[in-house]
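1. compute the structure for the input listed below.
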Amino acid sequence: MAVYLDEQLDDEPMFGIVARYMEMSPSITVERVIPLIYGERTRPSLLGRNYSHVAVETKSCWGLTSKEIIHRMTLFPYVSSLIDEKASDDLIGEMLVSRSRGKKRNGSWPALGCEGFRYCRRCIAEDMEQGVPRHWRRTHQLPGVTLCVHHAEFLWIYNASKGGRYLKFVTPEVAQTMGVSPMVRESMDVRKEAALQYAKLSHDLLNGRVRIDRRYIYEVFNEKIKRRLKYRDHGELRKSILLIIENCFGGDYLGCVGYRGTRFPDCRRLRGFETSRLLWIVIFATMLNLIERDPNLLDDCRFKAVYGNAPPENFRRRPHFRARPPVECPNTLAEHGAGHIVESAAWRNSALRCACTCGMRFRCAELDVGIGPPQIKRWGEAYVREVKRLRSAGYGPTDISKMLGLPLRTVFNMYSA
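-> Just a heads-up that it's a prediction; the model follows:
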């Protein structure tokens, strides 16, 4: 059965084009058309798979390559702007093949925004005025976007989880008959200016105008806040950052965009392309821009709630520069012997992080009087050699653990080191 899809309309995603085809051809069997186009039974996705098959099936009507379809009709350009080149190549490689043939990847495969499809009422009204079918826009489906960048109007949303597998392939016109709702109601606290800045940055990411290095965005954001706020406790710092986000975006913003957590993730450890992870990367980048424009966002008076509404002069602070006390390396097997002072030490998150030339890494928690005992994170090559020597001498792991003071699990890890 031949399928001749319509040409792509303004910024229209792939699933929207398929939905328009099915709406204009009510006599076709949906269960046959979707597998024919995609090469497998599938749900609508803003990324998706098996575009090598899609390119073959649409060759007579579009004549586009699989990569051209991916760049023009999916959110791949947006995701690609937030990941490195290797991860981008891996992602597009997986999008070219079917789920059954593609290798598994760490992290969830992104349906990316398919819990709800969004549209701008003014964009839909312009479609009607121009005599073109009402259609979805990719920009409106980006994680965290709550308003249209062209009209600065809050979006409406269709809950795609209502229908079955194929009922999710719907156009905005059909979605309106099935029930839609505003993303942001009048009773909600959402700051329009910050939401607009977020939407504009997301739009630029989708169109390749900017890139965000997510390996460093959290570190830059965190260090900028810590240098300005100088809070002593790490938990208070996190509360303060969430309060800044609430002051900028409004107390209901995260709920509007579907984030239900109570904490923000560490972007240095973000893997995969889950919606919530991409959302926070762009939030951090937007916040840096907003703070640059309005440094008053970091005024002390804005953080009273973190300290029980105490006046700013009573906030607990850490000094600009804390003295680093001399710390002896606890490595008893290294050539430097006992009493050796580690060469590298730095304060971080209320702890002194230490690194010795012997390879040992450890941290000492900050106490009211001095520092606590060392918590060893890496034992160094001298311990690895000694563990292997004792093992070859016939000692068991439990004996080695007691003799060297090593955790039993660490002894097993050193066996294969």
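2. which residue ranges of the stretch 201-350 of the chain form strands?
-> Assigned by DSSP state E, counting those that start in this stretch, the strands in the stretch 201-350 of the chain fall at 344-347.
3. could you list the low-pLDDT ranges of it?
-> 226-235, 261-274, 307, 312-322 (pLDDT under 70).
4. just the helices in it please.
-> For the stretch 201-350 of the chain, the helices defined by DSSP state H, counting those that start in this stretch cover 217-229, 234-249, 253-256, 275-293.
5. for K200, find the nearest of those helices.
-> helix 275-293 (9.0 Å; C-beta to C-beta). Where C-beta positions appear, they are placed from N, C-alpha and C, glycine not excepted.
6. return the closest one as CSV; C-alpha atoms alone will do.
-> Listed next in CSV are the C-alpha coordinates belonging to helix 275-293 (Å, rounded to 0.1, in the frame of the first residue of the first chain):
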residue,chain,number,x,y,z
THR,A,275,13.3,15.1,29.6
SER,A,276,14.1,16.1,33.2
ARG,A,277,17.8,16.1,32.6
LEU,A,278,17.7,18.3,29.5
LEU,A,279,15.3,20.6,31.4
TRP,A,280,17.7,21.3,34.2
ILE,A,281,20.7,21.9,31.8
VAL,A,282,18.7,24.6,30.1
ILE,A,283,17.4,26.0,33.4
PHE,A,284,20.9,26.4,34.7
ALA,A,285,22.0,28.2,31.5
THR,A,286,18.9,30.5,31.6
MET,A,287,19.6,31.3,35.2
LEU,A,288,23.2,32.4,34.4
ASN,A,289,21.8,34.8,31.8
LEU,A,290,19.2,36.2,34.2
ILE,A,291,21.7,36.7,37.0
GLU,A,292,24.0,38.4,34.6
ARG,A,293,21.2,40.8,33.7
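7. on that earlier part again, need the helices of the stretch 201-350 of the chain in TSV (columns: distance to E94).
-> Shown next, in TSV, are the helices of the stretch 201-350 of the chain (distance: least, C-beta to C-beta, whole Å):
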stretch	distance to E94
helix 217-229	24
helix 234-249	32
helix 253-256	29
helix 275-293	17
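8. can you put these in CSV and add distance to A382 and mean neighbour count?
-> Formatted as CSV, the helices of the stretch 201-350 of the chain follow (distance: least, C-beta to C-beta, whole Å; neighbours: other C-beta atoms under 10 Å):
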stretch, distance to A382, mean neighbour count
helix 217-229, 32, 17
helix 234-249, 32, 18
helix 253-256, 48, 20
helix 275-293, 39, 20
